[in-house]
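> Okay, here's the prediction I keep looking at, along with the sequence it came from:
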Amino acid sequence: MGFDVRRELMIIPAQVKVVEHVQYKYACRDCDHNDIQTPIVKAQMPRPVQPGSMASPSAVAYVMTKKFVEGMPLYRQEQQFTRNGVPLSRQTLANWVVHASTTWLSKIYDCLHEELVRRRYLHADETTLQVLHEAERAAETKSYMWLYRSGRDGPPIALYDYQETRSSEHPRRFLAGFKSYLHVDGYAVYNDIPDVKLVRCWAHARRKFDEALIAQRMPAWNAQWLGWLIMAFCQSSSTCRQENERSRSPRKKAWNSAIGCSLWRGNLRSPRQRNDTKVV
């Protein structure tokens, strides 16, 4: 008559095992008795991830994945290891993370950085960050995390660069050698980067107009009219991407000039709008 199949999930919890690497040593017994020096030969042993530590590649990868992918802090991982009978302090786990990042992952980071500055399109932004127990700095002091991301002209790359300040020297240093299009907001520090063509963000441009409409309590259809213009520009830009650079530039400039002049002069009107009403 056949058979029925019922499927269910079985979860095998993570296991912690102690792996011992035994290294044999050999010495010349005749040389030990008759010569001044005794040569010693050691068998090969796998290179440790961190000398003098019990860290293994799988253990470090497990801890870093838990912390950075699954968002589990080291103190909770410490408690989890303790429940499994493995006493590992958060200081030990932190040393594993720092050592692996500076010794091993930094090489991958440098390779990705070299590839990033060779791309044609990049995005950049920065945000505040609070760091505790930083040398000679109060806990309330603001630090900054700078983010640099590639466009769609290749495999995605996103790199973070921690800095204590928001100075223009940081993007200049990080983007040294980059000579193409950089998509940023209106922060002035990006203007000092040499050999870079800045591409402004329409999301940031729209935000100010939206705030102005709300502040002036304009009718909802005024905002829709402004949104229609921005959408029309985006559609025009999408169409223009199919054209060559020579024909695209005048068309974009015409759109920018027409919309910009109308907005700032207050001449932008809807077909249903009265002659004495202004959008901005």
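Arrived safely, thanks for sending.

> Show me the helices in this protein, by range?
Using DSSP state H, the helices found in the chain span residues 29-34, 57-68, 74-83, 90-100, 106-116, 169-174, 202-215, 220-240, 245-265.

> Tell me how many other residues surround V5.
Counted with other Cβ atoms under 10 Å, residues neighbouring V5 total 4. Where C-beta positions appear, they are placed from N, C-alpha and C, glycine not excepted.

> Repeat that for P13.
When neighbours are defined as other Cβ under 10 Å, P13 has 5 of them.

> Lowest mean pLDDT across the helices of the chain, which one is that?
Among the helices of the chain, helix 245-265 carries the lowest mean pLDDT, at a mean of 51.

> what sits opposite the spatially closest residue to G151 that is not a sequence neighbour in the beta ladder?
Spatially, and ignoring its direct neighbours in sequence, G151 is nearest to Y121 (3.2 Å; Cβ to Cβ, 6 or more residues apart in numbering). In this entry, Y121 is beta-bridged to Y181, by DSSP bridges.

> check contacts around Y121.
Y121 makes contact with S150, G151, R152, D153, S180, Y181, H183, V199, according to Cβ atoms under 8 Å, 6 or more residues apart in numbering.

> tell me which residues form a beta bridge with the first one?
This points to S150. Assessed by DSSP bridges, S150 has beta-bridge partners L122.

> quick one: which of the contacts of Y121 has the most company?
Neighbour counts for those peak at S150, which has 20 neighbours (criterion: other Cβ under 10 Å).

> hang on, isn't that one packed against A158?
Yes: counting by Cβ atoms under 8 Å, A158 is a contact partner of S150 at 7.4 Å.

> in this structure, what residue sits furthest out from the centroid?
No residue in the chain sits farther from the centre than N34, which is 64.2 Å out by Cα atoms, centre = their mean.
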